[in-house]
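Enquirer: Give me a 3D structure for the following:
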Amino acid sequence: MEILLLLILLPPLVGASLNGIFGRRFPQAVVSVIGCGASALSMIFALAMAWSYSHSPANPQPFIQKYFTWIEAGAFRGDFALYYDRLTLIMTLTVTVVAFLIHLYSRGYMEHEGGYYRFFCYLNLFLFMMLVLITASNYLLMFVGWEGVGLCSYLLIGFYFPKK
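Expert: Below is the predicted model of the structure:
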């Protein structure tokens with residue numbers, strides 16, 4: 001379960017990175033396959049994690065997985081740790097399924113727009129930040145996810161910046 005929890009978050013981050021760095025050179029079909037594929041993989045891993053968590057011993061306890069310490073100052077430690085319980089199960093499934101459907105719809109809706117790669121980069125980054133927000137095990141990581149969702153919302157709302 002430890003690796004599955006991390007694998008829910010990684011595909012959207014990788015998709016955002018690929019489309020953000022190389023997307024201008026890719027044709028639209030490749031950009032949309034990367035974007036939709038990343039959200040589909042995240043959804044599949046969320047389904048696998050939900051199944052694994054649901055089929056654990058009779059009364060599944062909340063699951064916390066610490067990956068590394070990313071901030072340490074004196075007695076304060078900020079760990080990159082993810083939390084999974086029944087509420088997280090519901091939220092990760094809801095977010096990943098809805099995000100996958102949004103990605104599919106956006107393929108056709110954004111087809112004739114400039115910056116197609118940029119839109120899918122922002123959309124994948126939004127999904128990643130939303131999943132960080134949902135699965136964070138501490139307030140510091142939750143704050144990072146919250147601010148990331150806010151930043152991505154700003155970028156998606158301001159996508160048409162050349163238009164008056």
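Enquirer: distance of the spatially most central residue of the chain from residue 14?
Expert: Nearest to the geometric centre of the chain sits residue 128, at 2.0 Å (C-alpha atoms, centre = their mean). Going from residue 128 to residue 14 by C-beta to C-beta, to the nearest Å gives 9 Å. Placement of C-beta: from N, CA and C, glycine included.
Enquirer: Please apply the same query to residue 74.
Expert: Separation of residue 74 from residue 14 (C-beta to C-beta): 34 Å.
Enquirer: where do the helices sit along the protein?
Expert: Along the chain, the stretches classed as helices by DSSP state H are 2-22, 28-54, 86-109, 116-135, 139-157.
Enquirer: buried set for the last one?
Expert: So the one you mean is helix 139-157. Buried residues in helix 139-157, counting neighbours by 16 or more other C-beta atoms under 10 Å, are found at 141-142, 144-146, 148-149, 152, 155.
Enquirer: now swap in the first one and tell me
Expert: Going by neighbour count (16+ other C-beta under 10 Å), the buried part of helix 2-22 is 4-5, 7-20.
Enquirer: and if you look at the longest one?
Expert: Residues 28, 31-43, 45-47, 49-50, 53 are the ones in helix 28-54 that count as buried (16+ other C-beta under 10 Å).
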